[in-house]
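> Need coordinates for the following:
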Amino acid sequence: MQAGYFKHPPLIAWIYELAITIGGSGHVWPIYLAGALANVGAAYACFRLARSFFAESDAFIGGLAVLLLETLAHVVAFEPLSHNTLLATVVAFSCWFAYEALAKGEWKWWLLLGVSLGLGMLTKYDMGIWAVCLLLLVLFSREGRSQLRRPKPYLSALTAVMIMSPNLVWLAQHQFAPFRYAGNRMLVMEGAIGYLTGPLVFLTDQIIWVLCPVVMLAPMLALRNRERSVDEKSGFESQFLGWFTLGPLVIFVIIAIVSASRLRPLWEYPFLSLVPLWLMLAFRRHAEMRSRTRVLATAAILMGIMVVGFVIQPAVCAYATNTPSKSDLPGREMAVKVKQLWDARQPGRRMPYVAGQFFLAQNVSFYLPERPHVFCTQDPSFEKVLPFDVACPWTTPDAVKQQGGIVVWYAERGNSEVPSWIAEVFPHAQYLTTLELPWQTGANLDPVPVGVAYIAPSSN
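Numbers count the residues shown, from 1 in each chain. Modelled structure (predicted):
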């Protein structure tokens, strides 16, 4: 495990490593379990926050809407546990701790806020946007400014920095590689119109995201009687939810305008957890028994649809688009065949490295009990080959040459040569074969061709 990686901070990798330790190599159920627990955790944190604004029954409905929103992200992205999923959970807990800290001013809430902020920065650097919203809320609210005269907020900030410190050192040592990566991932829109179309497309994506909780809450939001379930003596509750619901969205839109870029829709998703609570507070609705029953029934239907969608999505996509998903990759079969090729040349010796394109190498390492180190050369989200010193700055090609290993890549049929981007770094890599692996789907798809090369130990 490392203190940082070229794409994101290290916390998600540490959790995956713990899940693999618990479940064993090649078993994915602990990772899916972790993803489900993250969703439930986000809903619980929002429920606890909502109890400060609403009656307990209404707070429960708000937490249920958050659970639906988190589950929707799993269905759309088809990921068991991702940086965005974990960040959404950390953001939900941070909002709960921040409200309690500002409203009550107790030490424990400020310390918990510092811990959650630090863990959020170890999850994804987007947590910095949430921190900016918190700072603005503190500066522009009476409750926040009153806390600045006390040492508690500063101890909270110090706690966050201490938790983040290993990754901060790593960033300084590796030329802030994740930020270069994020910059390269922005889709720059051409021409002056890009300054308008980028933000509009991003906003449209976010509206689609929040339709699910809006549909669920419709029976409550459509009530005619304006029963108020919150204490209106202070506007701090509205101000609090407004900053953390709309604040990140405004910041992302400003980034899109300034950079004339189309941002990825999932970048905003972790900050949408408070949308259901914000809607309930904005409409000032209280769920009567009749509307509450409708809300719960709608939630049950939506949850059932999403669970079914999560299960059948890969198969449906494969049949409908004739394109496989990442989950259809036969990772276990590929790992077994790669291991056999290694054992034929190094019998009885552990495979120290698996190099090549990130997703393939990662699958080989995950499914092998010996867990060879991954030396990746490719961003997992595009077909763009990254330099070795950016993709894996914690090791060097010389270390791979000295200890040996296997290289895997998406091959071209009929091409029995090592790709130039591999040969430039490992000139003595020996082409072995191209594996033709059937996708794990019933759709009529061509097998995935995976090229395999061998790096003999000490092949300098």
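> burial measure for residue 294, as a count.
The tally of other residues near residue 294 (other Cβ atoms under 10 Å) stands at 16. For every residue, glycine as well, the C-beta is placed using N, CA and C.
> To clarify, my last question referred to residue 308.
Residues near residue 308, counting by other Cβ under 10 Å: 11.
> and what of residue 24?
Neighbour tally, residue 24, other Cβ under 10 Å: 11.
> need the contact list for it.
By Cβ atoms under 8 Å, 6 or more residues apart in numbering, residue 24 lies in contact with residue 369.
> same question, residue 330
437, 438, 439, 440, 448.
> For these, name the two members farthest from one another.
440 and 448 (10.2 Å; Cβ to Cβ).
> re earlier: identify, from the contacts of residue 330, the entry nearest to residue 109.
Looking across the contacts of residue 330 and measuring by Cβ to Cβ, the closest to residue 109 is residue 440, at 47.0 Å.
> Need the pLDDT of the residue lying closest to the closest one once chain neighbours are set aside.
Leaving aside its chain neighbours, residue 440 sits nearest to residue 328 (4.8 Å; criterion: Cβ to Cβ, 6 or more residues apart in numbering). The score at residue 328 is 79. That number is its pLDDT.
> My read is that residue 328 contacts residue 437, right?
No - applying Cβ atoms under 8 Å as the test, residue 328 and residue 437 come out as separate, 10.4 Å apart.
> So which of these two has more stuff around it?
residue 328 (19 against 16).
> Does anything pack onto the helix or strand harbouring residue 46? Which helices or strands?
In the assignment (DSSP states H and E), residue 46 maps to helix 29-50. If contacts are counted by 3 or more Cβ pairs under 8 Å, 6 or more residues apart in numbering; DSSP states H and E, helix 29-50 sits against helix 11-23, helix 56-77, helix 83-104, helix 275-283.
> Please enumerate the helices of the stretch 351-460 of the chain.
Ranges of helices in the stretch 351-460 of the chain, per DSSP state H, counting those that start in this stretch, are 358-367, 388-391, 397-403, 420-423.
> The first one packs against which elements?
Contacts of helix 358-367 with other secondary structure elements, assessed using 3+ Cβ pairs under 8 Å, 6+ apart, are made with helix 331-345, strand 353-356, strand 373-376, strand 405-410.
> Could you export the ones you listed as CSV, including distance to residue 62?
As requested, those are exported to CSV (distance: least, Cβ to Cβ, whole Å):
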stretch, distance to residue 62
helix 331-345, 39
strand 353-356, 46
strand 373-376, 41
strand 405-410, 45
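> so which of the ones you listed comes closest to residue 150?
For residue 150, the closest of these is strand 373-376, at 46.7 Å, according to Cβ to Cβ.
> Export that closest one to CSV, keeping only CA atoms.
Extracted C-alpha coordinates of strand 373-376, given in CSV (Å, rounded to 0.1, in the frame of the first residue of the first chain):
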residue,chain,number,x,y,z
HIS,A,373,2.9,-5.8,-7.6
VAL,A,374,1.1,-3.8,-10.3
PHE,A,375,3.3,-1.7,-12.5
CYS,A,376,0.8,0.2,-14.7
